[in-house]
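Participant: fold the following for me, if possible:
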Amino acid sequence: MKIQRIMTRSPVALARMALQASRRGLPAYSTKFSRKDFTQPQLFALLALRQFFRTDYRGVVGIVSDMPELQRLLGLTRLPHFTTLQKAHERLLSQGLSSDSWQGRSASLVGRDESKKNRKPPSTPRGWKATTSAVTSWSAPAG
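Facilitator: Now for the predicted structure:
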């Protein structure tokens with residue numbers, strides 16, 4: 001079965017697809033102690049729109065504030081602060097979504113894998129020695 005990539009130029013269509021997909025895959029709220037101002041699917045759809053418009057967190061909030069149709073579609077009675085989107089982005093990444101899935105391209109195309117290969121190992125502080133060959137822990141000099 002070939003996976004077909006659906007492309008759209010409509011922010012409303014993208015928001016609708018992101019909202020539907022995230023409702024199937026994400027819980028409504030991140031914890032039971034959440035303030036319940038915005039659902040995770042709503043925030044995910046806003047983050048998808050952020051990538052669509054190629055803007056920052058403040059920019060997407062500004063754009064959506066000018067589009068009442070998007071607000072209705074997402075069920076927003078008010079708009080989140082841009083830091084709410086930033087924190088949601090970090091939370092969703094820590095739950096297992098890779099940043100590459102947000103960018104829509106693989107890390108090898110961006111060059112991230114190459115930069116990790118060419119990094120120098122951490123230097124040993126003067127007088128200290130590595131206790132393992134993998135340099136996972138350090139021991140202080142005796143005395």
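
Participant: can you map out the strands along the chain?
Facilitator: 129-130, 138-139 (DSSP state E).

Participant: avg pLDDT for the first one?
Facilitator: Right, strand 129-130. Averaged across strand 129-130, pLDDT comes to 58.

Participant: neighbours of Arg78, how many?
Facilitator: 9 (other C-beta atoms under 10 Å). Backbone N, C-alpha and C define where each C-beta goes, glycine included.

Participant: check the spacing between it and Leu26 real quick.
Facilitator: 21 Å (C-beta to C-beta, to the nearest Å).

Participant: where does the closest residue in space to Arg50 that isn't next to it in sequence land on pLDDT?
Facilitator: Nearest non-adjacent residue to Arg50, counting by C-beta to C-beta, 6 or more residues apart in numbering: Val60, 4.1 Å away. Model confidence at Val60, given as pLDDT, is 96.

Participant: thought Val60 was touching Leu46?
Facilitator: Yes. Val60 is within contact range of Leu46, at 6.0 Å (criterion: C-beta atoms under 8 Å).

Participant: which neighbours do these two share?
Facilitator: Leu85 (C-beta atoms under 8 Å, 6 or more residues apart in numbering).

Participant: more neighbours: those two, which one.
Facilitator: Leu46 (27 against 24).

Participant: next, find the distance separating that one from Lys32.
Facilitator: Distance, Leu46 to Lys32, using C-beta to C-beta: 22 Å.

Participant: Gln71 too?
Facilitator: For Gln71 relative to Lys32 (C-beta to C-beta), the value is 27 Å.

Participant: before I go, just wanted to say thanks for your time.
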